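Undergrad: need a structure here:
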Amino acid sequence: MDDFKIEINVPISEGRGDTLSYALRQLCQAPDGASILFNGKNYGSMRTLATKISAEQGVKFTVRKISGGVRVWKLP
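TA: Down below sits the predicted model:
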């Protein structure tokens, strides 16, 4: 029955999704045509996140898989 241990005062680590979401929200503020390269990221995950942020912020993106990662562009 001792398969788990309750701990107190363990700091919450920052999740990977938070950092990626923040980057895309910053891209919303950039001029049209600006882009961000996400090295080593999964195309499907980045496309899903870009779609979510696009709907939230009213900004259009396009996502392309490139060598070594994924690039997201802000569209006009």
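Undergrad: Any idea how far apart the tips of stretch 21-40 sit?
TA: With C-alpha to C-alpha, to the nearest Å applied, stretch 21-40 spans 16 Å between its terminal residues.
Undergrad: what's in contact with that stretch?
TA: Residues from elsewhere that reach stretch 21-40 (C-beta atoms under 8 Å, 6 or more residues apart in numbering): 20, 46, 49-50, 53, 57, 59, 61, 66, 68-76. To be clear about C-beta, it is placed using only N, CA and C from the backbone, and glycine gets the same treatment.
Undergrad: can you check stretch 45-65 too?
TA: Against stretch 45-65 from outside (C-beta under 8 Å, 6+ apart): 17, 20-21, 24-25, 27-28, 38, 43, 70-76.
Undergrad: avg pLDDT for that stretch?
TA: Mean pLDDT, stretch 45-65: 96.
Undergrad: So what's the gap between that stretch and the chain middle?
TA: 9 Å (C-alpha atoms, centre = their mean, to the nearest Å).
Undergrad: before we move on, the earlier item: return the subset of the contacts of stretch 21-40 lying in strands.
TA: In strands, judged by DSSP state E, the following of the contacts of stretch 21-40 are found: 61, 66, 69-75.
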